[in-house]
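*Asks:* prediction below, plus the sequence it came from.
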Amino acid sequence: MWIIKKTKDLKEIIERKKSEGLTIGFVPTMGALHEGHISLVGASRKMTDFTACSIFVNPTQFNNSADLEKYPRTIERDISALEAAGTDLIFLPDVQEIYPDQNIVPKKYALGQLEEIFEGKHRPGHFQGVCQVVDILFKAVEPDMVFFGQKDYQQCMVIHALLAQTPEFENIKMHILPTIREPNGLAMSSRNMRLTPTQLNIAPTIFDVLQFFKNNISAGSLTTLLSDGERTLLQAGFKPDYVAIADAITLEPVTNWDGKQKLVALIAAYLGEIRLIDNLILN
Ligand code: AMP
């Protein structure tokens, strides 16, 4: 397994692999890896010949500096897990390597509504930062396929929009893989490491509420269903940012359902200092 820190070296290896006729799969991450990340590596290994994974805690996507500082970093463990999973190459750049000129005014990506609702609204600038780093990483790796988790549903749509508006990415195929959960339903997340044992017991309530929506939704007004879900979260000790049901494609919030439109339920809520997000396709 290659461990590479410089873009120049990364490009050299990828070019060589491509000239040998291999297809390249790419899994971008911020480290503190768990089975969710490893499932993306597994999918890439199945579908491509050479799997590259990046670990880079991207400062430009954090709108909260304390969150950036406290983001878990477990690099030695991550490297072992990626090696055991059969990753071919890890790209481990530092901030200077990704953003050599900090004075450059970042490009503005056209994300429309996507950055005005849900994660976009509650984390101003977050998706611009995501696009900025993914743009740089995709141009460095030039993958045939990229692998993302449904856990970050809105992010998947943002990446889709980035691919659609970038001519160089025309041939990149994006795969979205299911959310990997703990046996109690809690979506695996690097941030779970920061939860106390008590909070870890409470955290699966988010998935309980998502399932409650799925099991109880019916055509007509969704207002009572949503407020019941929100109340459950508040009673468990969460501070919700949003509890919503939206069109699964456009993410337009839906409060009155025609019984046919494809829906996704989305939740973001704080447990103490830790902000958790999760989602579930309802129909
Ligand atoms: P992150 O390191 O949090 O930036 O995540 C890197 C990739 O792993 C993203 O595509 C995430 O959506 C994905 N991911 C994170 N958690 C999970 C999970 N529980 N199941 C599946 N994919 C996940």
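*Replies:* Cool, got the structure. Numbering: from 1, shown residues only.
*Asks:* which stretches of the stretch 51-200 of the chain form helices?
*Replies:* Along the stretch 51-200 of the chain, counting by DSSP state H, counting those that start in this stretch, helices occupy 65-70, 75-84, 95-98, 119-122, 126-141, 153-165, 197-202.
*Asks:* out of those helices, flag the one nearest residue 231.
*Replies:* helix 197-202 (14.8 Å; C-beta to C-beta). Glycine gets a C-beta too; all of them are placed from N, C-alpha and C.
*Asks:* and the contacts of the helix or strand just after that closest one?
*Replies:* Going down the chain from helix 197-202, the next helix or strand is helix 205-216, by DSSP states H and E. The contact list for helix 205-216, computed with C-beta atoms under 8 Å, 6 or more residues apart in numbering, reads 181, 184-187, 225-226, 228-229, 232-233, 236, 238, 243, 245, 265, 267, 269, 276, 278-280, 282-283.
*Asks:* which PyMOL command selects the buried ones in the residues you listed?
*Replies:* Selection of buried members from these for PyMOL, criterion 16 or more other C-beta atoms under 10 Å:
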select buried, resi 181+186+187+225+226+229+232+233+236+238+243+245+265+267+269+276+278+279+280+282
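*Asks:* winner for burial among the helices of the stretch 51-200 of the chain?
*Replies:* Of the helices of the stretch 51-200 of the chain, the one with the most neighbours on average (mean count of other C-beta atoms under 10 Å) is helix 126-141, at a mean of 21.
*Asks:* centre of the chain to it, how far?
*Replies:* Relative to the chain's own centre, helix 126-141 is displaced by 13 Å; criterion: C-alpha atoms, centre = their mean, to the nearest Å.
*Asks:* what is it packed up against?
*Replies:* Judged by 3 or more C-beta pairs under 8 Å, 6 or more residues apart in numbering; DSSP states H and E, the packing partners of helix 126-141 are helix 7-19, strand 24-29, strand 50-55, strand 89-91, helix 95-98, helix 119-122, helix 153-165.
*Asks:* partner strands of the second one, parallel or antiparallel?
*Replies:* The one in question is strand 24-29. Paired strands of strand 24-29, with direction, are strand 50-55 (parallel), strand 145-149 (parallel) (DSSP bridges).
*Asks:* looking at those, which is nearest to the ligand?
*Replies:* Nearest to the ligand, of all these, is strand 145-149, at 2.2 Å by C-beta to the nearest ligand atom.
*Asks:* touching that closest one from outside, list them.
*Replies:* With C-beta under 8 Å, 6+ apart, strand 145-149 has contacts from 23-28, 36-37, 39-41, 43-44, 47-48, 138, 155-156, 159, 172-180.
*Asks:* just want the angle from it to helix 153-165.
*Replies:* 160 degrees (axes from the mean of the first three to the mean of the last three C-alpha atoms, to 10 degrees).
*Asks:* can you say which of the contacts of strand 145-149 are buried?
*Replies:* 23-28, 36-37, 39-41, 43-44, 48, 138, 155-156, 159, 172, 175-177, 179-180.
*Asks:* ok, which residues in the stretch 151-283 of the chain are in contact with the ligand?
*Replies:* For the stretch 151-283 of the chain, the residues in contact with the ligand (C-beta under 6 Å from any ligand atom) are 151, 152, 177, 179, 180, 187, 188, 189, 190.
*Asks:* excluding its backbone neighbours, what's nearest the last one?
*Replies:* For residue 190, ignoring the flanking residues on the chain, the nearest one in space by C-beta to C-beta, 6 or more residues apart in numbering is residue 32 at 3.5 Å.
*Asks:* my read: the one you found touches residue 193, true?
*Replies:* Yes. Taking C-beta atoms under 8 Å as the definition, residue 32 is a contact partner of residue 193 at 6.3 Å.
*Asks:* which one's more surrounded, the two?
*Replies:* Looking at residue 32 and residue 193 with other C-beta atoms under 10 Å, you find the greater number of neighbours at residue 32, namely 21 against 13.
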